[in-house]
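> What would the 3D arrangement of this be:
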Amino acid sequence: MKEKRRIYIHIGVYFKNFKFFELRGVTLSDEEALTKLINCGFLVSHDLKDCIKENEVEPLIEFINKNFEKKPCFLDKNIYDAFKNTSNSEKKCEIVEVEKAVNFKRENIELKVYAKKNYVHTNRKLDINDWVNYYLDRYHKLSEMLKNRDELKGVLSISKLKNATGRVAVIGMVKDIQKTNNNNYILTLEDPTDEIKVFLKGEIAKKAEEIVYDEVLGVAGSKNKDIIYADNLVFPDIPERPIKKAEDEIYAAFISDIHIGSNMFLPKEFQSMIDWLNGKVGDNLQMEMAKKVKYLFITGDLVDGVGVYPGQEKELLISDIFKQYESFSKYIEQIPDDIKIIVCPGNHDALRLDEPQHAIFRDMAEALYKKPNVTMVSNPSLVNIHNVGKFPGFDILMYHGYSFDHYVSEVPSLRKCGYERADKIMEFLLKKRHLAPTHGSTVITPAPQDFLIIDKLPDVFVTGHIHMAKVGRYKNILTVSSSCFQDRTAFQEKLGHHPEPGRVPIMNLQKNEVKMLRFR
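Just a heads-up that it's a prediction; the model follows:
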């Protein structure tokens, strides 16, 4: 007797790898379209009979002949959906139902995780000097990056510009931005010594639309009286760097925004992702990939929280914050022990909203702390993985992304792209070398050092928060925005935001490339 097995279809370019079981006992319809299919030797399921149109029969048969090595004798809605969606590139790695034939055995590979930059909070009384020192630290660190730029040779402090004439260069923090009636801009820059006006016109004024309050930048131009007429703006930015590739063919997966406790949490999809890691779902190709997933990054909003926004209690299935984390931990305990899990908090997690956020409290998530394969880090943090042998490993910058809302709203180029282009938001912040340059773009607690400066260059910049998956690359830094496991909320609907739940970016460390799996 044949063993009963679940069947999964992989939507995309891999249909030739599939074989299907013959199913019987299906009642046929006498509609014209179905009659044509029956005459071609197919059995048709009930769920398909109300979908198929007569003009789709020939393209469907052509699709089957092209993509199936062995022609299936039974057609159901899964095959029809595959036919309808092959033009959508986002469905390349979707997991729905296909024959499971792989002998699933996870590979034993040496793994390493090291938090290179991890914020640890210390309780102390704050005063105005803490804010002064916080912004001085930002200015000095970013100005050191800018001083090395050829465009800013001979840079002077603002106080020394008083007696200077002709061509000058200066580095300052943006205190004010004004747009004139002629679409020119006047900036006010300040450094620890003084402040000065900078006039931008023509092509250089177009760059001003990318300038935000409190960022540190360089200006070169001609000085006349007390104004610099700029002909060049220089952002800290990042240098071009080589693409890093590991020796082992292993994978890192990136998820965020699970929102356990919300009535919009998607348990089926989240469980499907965990089942995939355990080799219980997926086609041959996906299961081979699952064997080699050795790192899982969870970038904030593990739970929906309690009291995060007015009226939230009406949208909670679990109203106890401890039970939310308990439920989350039960899911994580199902993940194989040979997968290293790295977890940072987000704005819905049970700790201060101020950034940097320290790691989630131990008493909130005791079960996670007890798992030897789980590393709890701050938001943001810089985590090095897979430093094995001569390979230096990948530096992964984790940031939940709470500041993103501000820049999507305030920066014209990002407003135009919206939340659909998280890669552009991340690129914008990499150019600034800061995760939240504008005071007020996120909630800040001043520390002796500005922890949100991107001082150490990452190989991968991973984020969440906006509930939409997107992958990009900027100067060979891979930018990865995770999706979510929460359906569209009433608040998102009010804002016109359309999240894409259940999408998981999977990075091949050997090839330094990403595939997107869909669990919904």
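> Which helix or which strand is home to the closest residue to residue 313 other than its chain neighbours?
Ranked by C-beta to C-beta, 6 or more residues apart in numbering and with sequence neighbours excluded, the top spatial neighbour of residue 313 is residue 319, at 6.1 Å. Glycine gets a C-beta too; all of them are placed from N, C-alpha and C. Using DSSP states H and E, residue 319 sits in no helix or strand.
> Tell me which residues touch residue 319, please.
Residues counted as contacts of residue 319 (C-beta atoms under 8 Å, 6 or more residues apart in numbering) are 261, 306, 313.
> Format those residues as CSV; extra columns: distance to residue 239.
Listed next are the contacts of residue 319 as CSV, based on distance: C-beta to C-beta, whole Å:
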residue, distance to residue 239
261, 43
306, 44
313, 49
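> how distant is the longest helix seen in the chain from the center of its chain?
The single longest helix within the chain, with elements called by DSSP state H, is helix 128-147. Counting by C-alpha atoms, centre = their mean, to the nearest Å, helix 128-147 is centred 28 Å from the centre of its parent chain.
> Sort out which residues of that helix are buried, please.
134-135, 137-139, 141-143, 145-146 (16 or more other C-beta atoms under 10 Å).
> ok, now stretch 398-410?
Residues of stretch 398-410 classed as buried by neighbour count (16+ other C-beta under 10 Å): 398-408.
> for the spatially closest residue to residue 354 that is not a sequence neighbour, what are its contacts?
Using C-beta to C-beta, 6+ apart and skipping the chain neighbours, the partner closest in space to residue 354 is residue 445 (4.0 Å). By C-beta under 8 Å, 6+ apart, residue 445 lies in contact with 126, 352, 354-356.
> now that we have the residues you listed, which one has the most neighbours?
Counting neighbours by other C-beta atoms under 10 Å, residue 356 comes out on top of the contacts of residue 445 with 26 neighbours.
> ok, residue 246 to residue 63 distance?
Per C-beta to C-beta, to the nearest Å, residue 246 is found 37 Å from residue 63.
> Which one's more surrounded, those two?
Per other C-beta under 10 Å, whichever of residue 246 and residue 63 has more neighbours is residue 246, with 21 against 18.
> per-residue confidence for the more buried one?
In this model, residue 246 is scored at 93, pLDDT.
> Helices of the stretch 51-200 of the chain, start to end?
Using DSSP state H, counting those that start in this stretch, the helices of the stretch 51-200 of the chain run over residues 57-67, 77-85, 128-147.
> what pLDDT, on average, does stretch 209-221 get?
On average, stretch 209-221 scores 95.
> likewise stretch 502-516?
Stretch 502-516 carries an average pLDDT of 95.
> Show me the contact partners of it.
90, 92-93, 243-255, 266, 269, 272-273, 289, 293, 386, 394, 460, 469, 471, 478, 480-485, 517-520.
> So which of the residues you listed belong to helices?
269, 272-273, 289.
> Give me the spatial nearest neighbour of residue 136, chain neighbours excluded.
Excluding the flanking residues, the one nearest residue 136 by C-beta to C-beta, 6+ apart is residue 192, at 6.5 Å.
> For that neighbour, what are phi and psi?
Main-chain dihedrals, residue 192, degrees, to the nearest 10: phi -60, psi -10.
> That one touches residue 143, doesn't it?
No - with contact defined as C-beta atoms under 8 Å, residue 192 and residue 143 do not form a contacting pair (9.7 Å).
> gap between the residue nearest to residue 313 and residue 251?
Residue 319 sits 37 Å away from residue 251, going by C-beta to C-beta.
> Ok, residue 366 next?
Distance, residue 366 to residue 251, using C-beta to C-beta: 29 Å.
> Can you find the helix or strand of the chain with the lowest average pLDDT?
Lowest mean confidence among the helices and strands of the chain (mean pLDDT, DSSP states H and E): strand 8-11, at a mean of 32.
> what does the following helix or strand past that strand rub up against?
Once the chain leaves strand 8-11, the next helix or strand it forms, by DSSP H and E, is helix 32-39. For helix 32-39, contacts defined as C-beta under 8 Å, 6+ apart pick out 28, 44, 49, 52-54, 56-57, 60-61, 75.
> ok, those residues vs residue 339, which is closest?
Nearest to residue 339 among the contacts of helix 32-39 is residue 75, at 37.4 Å by C-beta to C-beta.
> so residue 426 is in which element?
With DSSP H and E as the test, residue 426 turns up in helix 422-432.
> Also compute the angle for that helix relative to helix 128-147, please.
90 degrees (axes from the mean of the first three to the mean of the last three C-alpha atoms, to 10 degrees).
> So what's the gap between helix 422-432 and the chain middle?
Centre-to-centre, helix 422-432 and its host chain are 12 Å apart (C-alpha atoms, centre = their mean).
> I'd like to know which elements that helix is packed against.
Helix 422-432 sits against helix 404-410, helix 412-417, strand 460-463, strand 470-474, strand 477-481, with contacts defined as 3 or more C-beta pairs under 8 Å, 6 or more residues apart in numbering; DSSP states H and E.
> Which residue ranges make up the domains of the protein?
Domain segmentation of the chain under automatic domain parsing yields 8-97, 113-120+240-518, 149-234.
> With respect to burial, which of those domains scores highest?
Among the domains of the chain, ranked by average contacts under mean count of other C-beta atoms under 10 Å, first place goes to domain 113-120+240-518 (a mean of 20).
> Show the end-to-end separation of it, please.
This stretch, domain 113-120+240-518, spans 27 Å end to end (C-alpha to C-alpha, to the nearest Å).
> cool, stretch 219-235 as well?
First-to-last residue span, stretch 219-235, C-alpha to C-alpha: 9 Å.
> if we can go back for a sec, pipe the helices and strands packed on helix 422-432 into TSV and attach distance to residue 429 and mean pLDDT per row.
TSV is the format used below for the helices and strands packed on helix 422-432 (distance: least, C-beta to C-beta, whole Å; pLDDT from 0 to 100):
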stretch	distance to residue 429	mean pLDDT
helix 404-410	8	94
helix 412-417	10	91
strand 460-463	8	98
strand 470-474	10	95
strand 477-481	10	96
